[in-house]
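1. My questions concern the predicted model and sequence given below.
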Amino acid sequence: MVMKNYVMMGALSLLVLAASCSSDDHNKILNETRMITPRISATVADESLNQSPLTGIIEIYPCISGTSTYFGNYVNGNLTPFYGYYHIIDGHILEGEHNRELHLPMNTYNMVYWGTPKYEEPIYDTPAIRTPGFSIGVDLSSLYFSLWSNNDGTYRPVYDLVYAVKEAKVGEEDLKASLKRVIAGMKVIVKKKNNGIFSSNITNMQVRIGNIANQINFYTAEASDMTKTIKFDLKRSEDGTEMSNATVMVFPSSETPPLELLITLKDGSVHKLSRNLNSTLSANTRLTLNIVIGDILSGGSTGDFTIENWNEVSETIEFPMVD
């Protein structure tokens, strides 16, 4: 305990001195302090704790040991709020890319990792997210990622996000982290009974999913304020037999979130199917929702939902007629 307090106070003292001294004094501190650029490797863990090397972007936020207080990063010899930013392929730094490396004094730090994996399969192509601003000494547990508003009471899907927090002794060890996914994925496929072709009278299909978290804590990755509605459109297949979307990413939901399918016709009329799901959109879960509908006419036949997620739990929901 004494050693841990000593290390933390040492880091805090360096932070305060670097932020307050003159330029000459600051350069003297740098000359007397050994700066380290740590090596980095990262993996992504699924819900079964299987590990896969990360390919994508990773950001690293050094905090004072044992705390969520942001230390910062030395850039061009100056202590700045600019975090480490790396392109990663197969778990290791991709050399030659526009990386912003960590340069830190030898010490123990509490490293906060956020990453965005790259996908081979199609995913939603216009995600958005609001990210917090940073300053040296800020408490990261007071900051949040939040949803991006469409300015109509709904919000946009988000990026895939993976996360970890891990202590590291810079100067004695490489930075290694197993990151966990903190968002949920969703794919919707709409078909007609008997695999019929959708009428050209349908101009649009849109999915709205409610009770989605508005924010995720930057330090703990806990989701909160599950009151928002995400919307996204479906696209017609080339053969006209289905409407679907590339996988969208959303913050976790409350239990059994409400889902609406809005079907717009050429005459401007909008037909709505709605029902609460039995499944919950939880972190690291991808839900595939298959919707089968009848003719989209007043007095038309019924439709149903069949849901399968990554662990193959299935669900069927009965709908009234589409009118």
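-> That came in fine, so what should we check first?

2. show me the contacts for residue 124.
-> 157, 232, 245, 246, 247, 248, 249 (Cβ atoms under 8 Å, 6 or more residues apart in numbering). From N, CA and C alone the C-beta is placed, and that goes for glycine too.

3. 6 Å instead?
-> Residues in contact with residue 124 (Cβ atoms under 6 Å, 6 or more residues apart in numbering) are 157, 246, 248.

4. With residue 74 instead?
-> Residue 74 neighbours (Cβ under 6 Å, 6+ apart): residue 103.

5. is it in a bridge, and if so with what?
-> residue 79 (DSSP bridges).

6. where does it land on pLDDT?
-> Note for residue 74: predicted pLDDT of 96.

7. Does residue 226 touch residue 252 like I think?
-> No - using Cβ atoms under 6 Å as the test, residue 226 is too far from residue 252 to be in contact (7.6 Å).

8. The two: who's more crowded?
-> residue 252 (22 against 18; other Cβ atoms under 10 Å).

9. Next, the contact list for that one, please.
-> 184, 213, 223, 281, 282, 283 are the contacts of residue 252 under Cβ under 6 Å, 6+ apart.

10. just those now: which is nearest residue 63?
-> The closest of those to residue 63 turns out to be residue 223 (Cβ to Cβ; 21.1 Å).

11. Setting aside sequence-adjacent positions, which residue approaches the closest one most closely?
-> Leaving aside its sequence neighbours, residue 223 sits nearest to residue 213 (Cβ to Cβ, 6 or more residues apart in numbering; 3.6 Å).

12. mind listing what the one you found touches?
-> Neighbouring residues of residue 213 by Cβ under 6 Å, 6+ apart: 223, 226, 251, 252.

13. Which of those residues fall within strands?
-> 223, 226 (DSSP state E).

14. Just the buried residues of the helix or strand the residue nearest to residue 223 falls within, please?
-> For residue 213, the enclosing helix or strand under DSSP states H and E is strand 202-217. Buried residues in strand 202-217, defined by neighbour count with 16 or more other Cβ atoms under 10 Å: 202, 205-217.

15. Show me the two of these that sit farthest apart.
-> Taking Cβ to Cβ, no two of the buried residues of strand 202-217 sit farther apart than 202 and 217, at 40.9 Å.

16. for the stretch 51-200 of the chain, what are the low-confidence residue spans?
-> Scanning the stretch 51-200 of the chain for pLDDT under 70 picks out 96-97.

17. C-alpha coordinates for stretch 287-297, PDB please?
-> What follows is stretch 287-297, C-alpha atoms only, in PDB (Å, rounded to 0.1, in the frame of the first residue of the first chain):
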ATOM      1  CA  LEU A 287     -29.700  -9.900 -32.800                       C
ATOM      2  CA  THR A 288     -31.000 -11.100 -36.200                       C
ATOM      3  CA  LEU A 289     -34.700 -10.300 -36.600                       C
ATOM      4  CA  ASN A 290     -36.600 -12.000 -39.400                       C
ATOM      5  CA  ILE A 291     -40.000 -10.500 -40.200                       C
ATOM      6  CA  VAL A 292     -42.500 -12.200 -42.400                       C
ATOM      7  CA  ILE A 293     -45.500 -10.000 -43.500                       C
ATOM      8  CA  GLY A 294     -48.500 -10.500 -45.700                       C
ATOM      9  CA  ASP A 295     -50.000  -8.000 -48.200                       C
ATOM     10  CA  ILE A 296     -49.700  -4.400 -47.100                       C
ATOM     11  CA  LEU A 297     -53.400  -3.600 -47.500                       C
END
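
18. can you give me how far it is from the chain middle?
-> Centroid separation for stretch 287-297 versus its chain: 28 Å, with Cα atoms, centre = their mean, to the nearest Å.

19. So what's the model's average confidence on that stretch?
-> 78.

20. Residue numbering should commence at 831 henceforth.
-> In the new numbering, first residue 831, that becomes stretch 1117-1127.

21. ok, and for it, which residues are buried?
-> Buried residues in stretch 1117-1127 (16+ other Cβ under 10 Å): 1117, 1118, 1119, 1120, 1121, 1122, 1123, 1124, 1126.

22. Stretch 1056-1070 too?
-> Those would be 1056, 1058, 1059, 1060, 1061, 1062, 1064, 1066, for stretch 1056-1070 by 16+ other Cβ under 10 Å.

23. Residue 1088: which of those is nearest?
-> Residue 1088 has its nearest neighbour among the buried residues of stretch 1056-1070 in residue 1059, at 8.4 Å by Cβ to Cβ.

24. Excluding residues flanking it in the chain, which one is nearest that closest one?
-> residue 1040 (4.5 Å).

25. Show me what the residue nearest to residue 1053 is bridged to.
-> Bridge pairing for residue 1043 - DSSP bridges - gives residue 1056.

26. Next, work out how far apart the closest residue to residue 913 other than its chain neighbours and residue 1098 are.
-> In space, not counting the residues next to it along the chain, residue 913 is nearest to residue 891; the distance is 4.8 Å by Cβ to Cβ, 6+ apart. Per Cβ to Cβ, to the nearest Å, residue 891 is found 49 Å from residue 1098.
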